[in-house]
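Enquirer: Have a look at this prediction, sequence included:
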Amino acid sequence: MNSSLNFWLLLLIYSLGSGINLILLGHLIELSLSFSILFGILILFFDNQVLKKRSMFDLIVFSYYFVFLYLAPIIQTHLNIFPNNIVLEYEFAVFNVLLSTIFLVTYWFATNFVYNPFYHSLSWTKKIRRIALYLETNGKSAFRTFFTLSILLLFIFKEYIFNISETFEVNPTYKTAYDLLVSKFLLFVPFVPFYVFSTFKCKPWKRFFGLFSTVLLLALSKNPFNEKRALLGSIYMSILTYFLLKSRSFLLTKGFLVGLLVSIVLMTLFLYPTVKALTHSSIKIFELGAKYEVVLEDIFNYLSDFTGNITSLDYDSWANAMVTLKYTWMKGHSWGKQLVTSLTFFVPRALYPNKGEGTGGIIGDFVISNYGGWQRQISNPLYSEFYYDLSFFGVFLGALFLDFLRRFSNELKVIGNDYLYLVSLFIDFYTLYLLRGDFISCFAYLTGYFVAVLVLPYIYLSAVGSFRTNIRRLAYD
């Protein structure tokens, strides 16, 4: 059998997982059967894509599906408690599980057999590889420039560093151009000096000082007091994983991947909701010393209330997708409007007055008016949002987009440059946030990140390289 795991071990894992599903949802036959089918495909996906192909990206895809689309909805359905006052809509719940399964299978098929036009049509994916070459000759210049620029940006926008203003919580559709520029682009620039420094070989004391100063800049730009937890998880998990992999010469073994999976699942189930003690608190960073007891009490309450956590908005992906399918059945598809809205997130509404709203807000209004919910800006999984926008063609399009990110991330890994490896790890872990949605918010962050850590350094390094080449030519002439 062409499998990374023994057949009987796979069967045992499937029996345990589906057995728990049958125990909790045995009275809901169609739904339970749908979850069993999804779990079986997930086990095969993990064995083939993660263990056999050693794919970090697919490890994150599996983690999202297991926690947010399998474990959390089964527990919520068993307890009959859903986030935001949502109630079980049985027909749409069954369709929801089947649609998420179709999306996973489509993505799996695309990674192995489909020619991806998004990936092969973008010539800049090959140009980005040149960053590795430029850093060999101009890395120190880039480090000094972006380190100084980062300090300057943090000083200019210091009000964003330790205060979560309302602009961070609303949909990007309604943010001002200024807020978008700062939060989605400029505050990603401090990533560059850390990424550049990671490519240097230097003495231990210089490395310690360099890492300390660059990580400090990064932490100031993106921290629990000014940013969303999902994005913070992508940032710091990618950095932690980078150091772990670097210590083992970037060797991905089955044991490492399984251990990382367990860590991700545990952190997603326990650490992710617990961070709200900081991100959802009125306490400022300078007040932590005086009010640490309040923070510790909040942390303990989150850690000890698993039922409250698993039925909270932190795990609303599946429930929101279910409601999205009902909304689509009632209102019809948007036929491209949501995709255009997401792709034009940076266009001011003054220039584009008919620009739509993110899917999270649309479904949030529907939940409030039909279920008595209280939270308007909610997540919306990639598969349900693309289905609402473009029906089953949208599901295929979303799978192609996910496959594009996977291929791009894998290409950055094989180059053998630490800078690009860090970028690839961020893409991997960010996928957890992207799959949860909604797309407009996730796409805005991802675009700003790419511009800050890839496009801007590429332009700078290209300009410096061309300038030095021209100087040499003039000197030679």
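Expert: Great, that's in hand.

Enquirer: Give the next helix or strand downstream of the longest helix along the chain.
Expert: The longest helix of the chain (DSSP state H) is helix 382-414. Next in sequence after helix 382-414, counting helices and strands by DSSP states H and E, comes helix 418-436.

Enquirer: What's the mean pLDDT across that next one?
Expert: Averaging pLDDT along helix 418-436 yields 95.

Enquirer: what angle sits between that helix and helix 382-414?
Expert: 170 degrees (axes from the mean of the first three to the mean of the last three C-alpha atoms, to 10 degrees).

Enquirer: Now do helix 418-436: which elements does it pack against?
Expert: When contacts are defined as 3 or more C-beta pairs under 8 Å, 6 or more residues apart in numbering; DSSP states H and E, helix 418-436 packs onto helix 56-66, helix 130-156, helix 191-197, helix 229-247, helix 382-414, helix 439-450. Where you see a C-beta, it was placed from the backbone N, CA and C, and this is true even at glycine.

Enquirer: Would you mind saying which of these lies nearest residue 46?
Expert: Between residue 46 and these, the shortest separation by C-beta to C-beta is 5.0 Å, and it involves helix 56-66.

Enquirer: List the contacts of that closest one.
Expert: Contacting residues not belonging to helix 56-66 are listed as 38, 42, 45-46, 49-50, 100, 104, 107, 111, 241, 252, 257, 260-261, 264-265, 268, 402, 405-406, 409-410, 413, 424-425, 427-429, 431-432, 435-436 [C-beta atoms under 8 Å, 6 or more residues apart in numbering].

Enquirer: Just the buried subset of those residues, please.
Expert: 38, 42, 45-46, 49-50, 100, 104, 107, 111, 241, 252, 257, 260-261, 264, 268, 402, 405-406, 409-410, 413, 424-425, 427-429, 431-432, 435-436 (16 or more other C-beta atoms under 10 Å).

Enquirer: Pull up the per-residue confidence for residue 261.
Expert: 95.

Enquirer: which residues touch it?
Expert: Contacts of residue 261 by C-beta under 8 Å, 6+ apart are 46, 50, 59, 62-63.

Enquirer: Next: residue 309.
Expert: 269-270, 273, 302, 315.

Enquirer: ok, now residue 245?
Expert: Contact partners of residue 245, counting by C-beta under 8 Å, 6+ apart, are 251-252, 421.

Enquirer: From residue 418, how far off is it?
Expert: Distance from residue 245 to residue 418, counting by C-beta to C-beta, to the nearest Å: 10 Å.

Enquirer: what's the neighbour count on the nearest residue to residue 145 once chain neighbours are set aside?
Expert: Counting by C-beta to C-beta, 6 or more residues apart in numbering, the nearest residue to residue 145 once its immediate chain neighbours are dropped is residue 460, at 6.7 Å. Look at residue 460: counted by other C-beta atoms under 10 Å, it has 18 neighbours.

Enquirer: give me the element residue 460 is part of.
Expert: Residue 460 is located in helix 456-476, with elements delineated by DSSP H and E.

Enquirer: what residue ranges in the stretch 351-477 of the chain score low on pLDDT?
Expert: For the stretch 351-477 of the chain, the stretches with pLDDT under 70 are 465-477.

Enquirer: Phi and psi next, for residue 80.
Expert: The phi/psi pair for residue 80 (degrees, to the nearest 10) reads phi 60, psi 40.

Enquirer: show me the residues around it that make contact.
Expert: residue 88.

Enquirer: do you know how far it is from residue 100?
Expert: Going from residue 80 to residue 100 by C-beta to C-beta gives 21 Å.

Enquirer: now do residue 385
Expert: Distance from residue 385 to residue 100, by C-beta to C-beta: 12 Å.

Enquirer: what residues are up against residue 385?
Expert: With contacts defined as C-beta under 8 Å, 6+ apart, residue 385 is in contact with 324, 338, 359, 398, 437-439.

Enquirer: what's the closest non-adjacent residue to it?
Expert: residue 359 (4.7 Å).

Enquirer: confidence score at the closest residue to residue 202 other than its chain neighbours?
Expert: The shortest distance from residue 202 to any non-neighbouring residue, by C-beta to C-beta, 6+ apart, is to residue 210 (7.0 Å). pLDDT for residue 210: 90.

Enquirer: Could you report the neighbour count for residue 210?
Expert: 19.

Enquirer: Make sure it is actually in contact with residue 200.
Expert: Yes: counting by C-beta atoms under 8 Å, residue 210 touches residue 200, with 7.1 Å between them.

Enquirer: Now for the closest residue in space to residue 425 that isn't next to it in sequence: which residues touch it?
Expert: Spatially, and ignoring its direct neighbours in sequence, residue 425 is nearest to residue 238 (3.9 Å; C-beta to C-beta, 6+ apart). Contacts for residue 238 (C-beta under 8 Å, 6+ apart) come out as 422, 425-426, 428-430.

Enquirer: got a list of what residue 84 touches?
Expert: Here residue 84 is in contact with 313, 316, 319-320, 367, 371, 373-375, 378 (C-beta under 8 Å, 6+ apart).

Enquirer: Pick the one among those residues closest to residue 194.
Expert: residue 313 (31.6 Å).
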